[in-house]
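J.: Quick one: sequence plus predicted model below, questions after.
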Amino acid sequence: IYRTSYQLGEREFGRGRPEVLEALVKGAVARSHLRQYGEAEDLLRLALEPLDDVPVRYPGLLRQVLLLLGLTQFHQNKLAAAEPLLRRALKPAKPGERIDALDWAEGACGLGVICLGTNRYPEAEALLRKGHQLRKATLGAKHPATVGALFLLAKTCLCRQKLELAEALFRQVLRSCETPSGHGNPETAEVLGCLGVVLQARGKYAEAEQRYVQCLEIRERAPGKEYLDPVSVMGSLAEVRSLLGKHREAEPLYRQALRVIAARCGEESPEAIEVYGDLARNRHALGDEKEALGLLGKCLRISLKINGGNHPKTVEILLNMAKTCSAQGRQADAARLLTRSLRLARNRAFPPSVREIIVNALAQSLGDQGKTASANVLWRRGYLLRKSLYGPDHVKTIESLLGLATTYHKLGRRRRAEPLYRKGLEGCG
């Protein structure tokens, strides 16, 4: 009907008449409701041409077309094209110009999501807060669109590390989306998972564990299981249980996550590296250093194949292997792994913070083997790196300073050692 109305109006009056353009816009809205975003985009571009030629004649209609066109691009995941259109549509209104509150809220939330996805968190928070306020005033606090905007705002606060506010917002969302029967739905599972992340970050491990368990239970029985990645939730639940000292309860979750990953994308994937590493740490906590080292060896083989030798993940695995060898008393093997890590970390792609960890760990390992002269050289390097990174009074810098002093003392150079000990004591005081 709208298409016919437009065609008749264009034939009779030309495309520039507001009645004709409104028929195009209404047709585009109908297409959008049917999720036919490509067809809606074509209609809106037809409407935009005459409006862009004389924008001052129909500013309200121009704003509406820009907003709808930006949202159709957004729904097609054409985010780079959507952003400038939404920004034009959300410019302050001119005197006498009326803006529909719901349209403005829709545009603000769309632009807020784009900013959130590109790590522009302060702007995302401002846009989503405004969008939520408008939806709440127009639709009410419990309307799904209002709750959706509040959820996005909570996620933004989490990204900005505003953990207390994020927790309060997620709890508010959870109260709004839980079903009366208590069985929950996929959306509830997603909120529970996010709330678990916040609680874990705030050290509330017992409740975080409870929320992750609820999330997995809902996901298992809900029809829309694609809403949440089970591997991330399993990993988070296992990590929380490890933090609570429940290492034996954590292990089956890590192994289940590995089975899901293997079925989905094969055993040799970045996700598998992460879970193997977590499982290795869990075995280390249970005192099984042998299996922990074997799992880290598997991590290393996968990382070398996928990432290559110069990748930060490969160096991280070598570091963890060195720590495990050191815990087993195999200092020579630990030193060999750390030396290999140090050679790789000389690449400019590695930040100084990675090099300082390796240098100081290698200094400690060589000192434990009685190789005092070599340890002395590395403690000096480690001290200078930490001093430049963290400052002279940081606990890590003082640790390296005391390590350097100890090697001077063992080498019989007590005049060099004494002022370093005194300096270290001043920093500790």
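T.: That came through, no problem.
J.: Show me where the stretch 1-150 of the chain has its helices.
T.: 2-13, 18-33, 37-53, 59-75, 79-89, 101-117, 121-139, 144-159 (DSSP state H, counting those that start in this stretch).
J.: buried sites along the second one?
T.: Across helix 18-33, burial judged by 16 or more other C-beta atoms under 10 Å covers 20-32. Heads up, the C-betas are built off the backbone N, CA and C, glycines and all.
J.: cool, and the shortest one?
T.: Counting neighbours by 16+ other C-beta under 10 Å, one finds that the buried residues in helix 79-89 are Leu79, Ala82, Glu83, Leu85, Leu86, Arg88, Ala89.
J.: Tell me which helix or strand in the protein has the weakest average pLDDT.
T.: One helix or strand of the chain scores below all others by mean pLDDT, DSSP states H and E: helix 2-13, with a mean of 54.
J.: tell me the contacts of Gly391?
T.: Thr397 (C-beta atoms under 8 Å, 6 or more residues apart in numbering).
J.: next one: Thr324
T.: Ala280, His284, Glu289, Ala292, Leu293, Leu296.
J.: State the distance from the nearest residue to the third one once chain neighbours are set aside to Leu293.
T.: Distance criterion C-beta to C-beta, 6 or more residues apart in numbering; nearest residue to Glu289, sequence neighbours excluded, is Gln328 at 4.8 Å. Taking C-beta to C-beta, to the nearest Å as the measure, Gln328 and Leu293 are separated by 8 Å.
J.: Between those two, which is the more surrounded one?
T.: Remark: of Gln328 and Leu293, Leu293 carries more neighbours, 21 against 15, as counted by other C-beta atoms under 10 Å.
J.: Okay, Ala208 and Asn310: tell me how far apart.
T.: Distance from Ala208 to Asn310, by C-beta to C-beta: 36 Å.
J.: Looking at those two, which is more packed in?
T.: Counted by other C-beta under 10 Å, Ala208 and Asn310 do not tie: Ala208 has more neighbours, with 25 against 14.
J.: From what I see, Leu344 and Val315 are in contact.
T.: Yes: taking contacts as C-beta atoms under 8 Å, Leu344 lies within contact range of Val315: 5.2 Å.
J.: Mutual contacts of these two, please.
T.: What both Leu344 and Val315 touch, as defined by C-beta under 8 Å, 6+ apart, is the set Phe350.
J.: So for the two, which sits in the more crowded spot?
T.: Val315 (25 against 19).
J.: any idea how far the more buried one is from Phe74?
T.: 39 Å.
J.: cool, Ala81 as well?
T.: Distance from Ala81 to Phe74, by C-beta to C-beta: 9 Å.
J.: likewise Pro50?
T.: 24 Å.
J.: the more surrounded of the two?
T.: Neighbour count, other C-beta under 10 Å: between Pro50 and Phe74, Phe74 has more, with 23 against 20.
J.: Nearest residue to that one in space, please, no chain neighbours.
T.: Per C-beta to C-beta, 6+ apart, closest to Phe74 is Ala82, 4.2 Å.
J.: That neighbour reaches Leu66, doesn't it?
T.: No: in this structure, Ala82 is not within contact of Leu66 by C-beta under 8 Å, at 10.6 Å.
J.: And for the spatially most central residue of the chain, nearest residue in space, chain neighbours not counted?
T.: Here the mean C-alpha position of the chain is nearest to the C-alpha of Cys159 (C-alpha atoms, centre = their mean), at a distance of 7.2 Å. Spatial nearest neighbour of Cys159, chain neighbours left out: Tyr121 (5.1 Å); criterion: C-beta to C-beta, 6+ apart.
J.: Which of the three states applies to Gly203?
T.: coil (DSSP: H, G, I helix; E, B strand; the rest coil).
J.: Roughly how far does it sit from Val233?
T.: 19 Å.
J.: Can you pick out the residue with more neighbours from those two?
T.: Val233 (24 against 9).
J.: list the contacts for that one?
T.: Per C-beta under 8 Å, 6+ apart, neighbours of Val233: Gly193, Gly196, Tyr212, Cys215, Leu216, Arg219.
J.: Before we move on, what's the pLDDT of the first one?
T.: Here the pLDDT value assigned to Gly193 is 92.
J.: So it is in contact with Tyr212, correct?
T.: Yes: using C-beta under 8 Å, Gly193 is in contact with Tyr212, at 7.0 Å.
J.: Name the spans of the stretch 51-200 of the chain whose pLDDT lies under the cut-off.
T.: Low-confidence segments of the stretch 51-200 of the chain, defined by pLDDT under 70, are located at 51-59, 94-97, 178-184.
J.: wait, doesn't the residue nearest to Glu289 sit right on Glu291?
T.: No: judged on C-beta under 8 Å, Gln328 makes no contact with Glu291 at a distance of 11.8 Å.
J.: quick one: which of the contacts of Val233 is most hemmed in?
T.: Tyr212 (28 neighbours).
J.: helix or strand for that one, which one?
T.: Per DSSP states H and E: Tyr212 is located in helix 205-221.
J.: Counting by contacts, list what that helix packs against.
T.: The contact analysis (3 or more C-beta pairs under 8 Å, 6 or more residues apart in numbering; DSSP states H and E) places helix 205-221 against helix 186-201, helix 230-243.
J.: If anything else comes up later, I'll come back, but that's it for now.
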